[in-house]
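1. Here is a sequence with its predicted model. Questions after.
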Amino acid sequence: STLSNMPQTGPIGGTWAVELDIGIAVDGNSNVVTFWFGGCDSTSISLGTMTTPVGAAVLDGKLYVACFGSWPTPTGDSGLAVIDIASKRLESTYSFGDARLHVHN
C-alpha cells in the first residue's frame, strides 16, 4: 500500500502496526488483529486461542503474529498465529512448546 495515499483518520488504534500490500495490520485487543484499509474501512481477524499480540512480520502472503499469552503464566495462548493476508483469515496457530515461557517479538 502507499501510506501517503490512504485517508489519515480512522477508528483504529494499537501499539504496533505492520504495512501490508492491501493496507496496514494493527493490533486490536487481546486476541484480534485488525487490517485497516484507510478511513473507516477495516476487518478484524481473531487469533483463535492465541492472546496478547506483540508484533508481526509479513512473509510470502502471510502475516505471522507473535502472541505473548497470559500473564504471569501462559495457558497455551503464547505462540504464533498465521493469517492469510489475501483471504483475511486465520490459517493456523502454534502454541509455544514450553508453557513456562512467553513468545515476544
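-> Noted; the coordinates are in hand. Not measured: the values here are computed from a predicted model.
2. Pull the distance from stretch 69-87 to the chain's centre.
-> 9 Å (C-alpha atoms, centre = their mean, to the nearest Å).
3. cool, stretch 16-25 as well?
-> On C-alpha atoms, centre = their mean, the centre of stretch 16-25 falls 10 Å from that of its chain.
4. low-scoring stretches of the chain, by residue?
-> 1-13, 105 (pLDDT under 70).
5. Strands of that one, residue ranges please.
-> Taking DSSP state E as the criterion, the chain carries its strands at 17-19, 24-27, 32-36, 42-46, 53-59, 62-67, 79-84, 89-95.
6. Could you name the helices and strands sitting against the last one?
-> Identification of packing neighbours for strand 89-95 by 3 or more C-beta pairs under 8 Å, 6 or more residues apart in numbering; DSSP states H and E yields strand 42-46, strand 79-84. Using the backbone N, CA and C atoms, a C-beta is placed for each residue, glycine as well.
7. rerun at 6 Å
-> strand 79-84 (3 or more C-beta pairs under 6 Å, 6 or more residues apart in numbering; DSSP states H and E).
8. residues of the strand it packs on that come out buried?
-> Across strand 79-84, burial judged by 16 or more other C-beta atoms under 10 Å covers 79-83.
9. Check stretch 25-45 too.
-> Buried residues in stretch 25-45 (16+ other C-beta under 10 Å): 25-28, 31, 33-38, 42, 45.
10. Go ahead and name everything in contact with that stretch.
-> For stretch 25-45, the external contacting residues (C-beta atoms under 6 Å, 6 or more residues apart in numbering) are 6-7, 10, 12, 14-18, 23-24, 46-47, 51, 53, 56, 63, 65, 83, 88.
11. I am finished for the moment; much appreciated.
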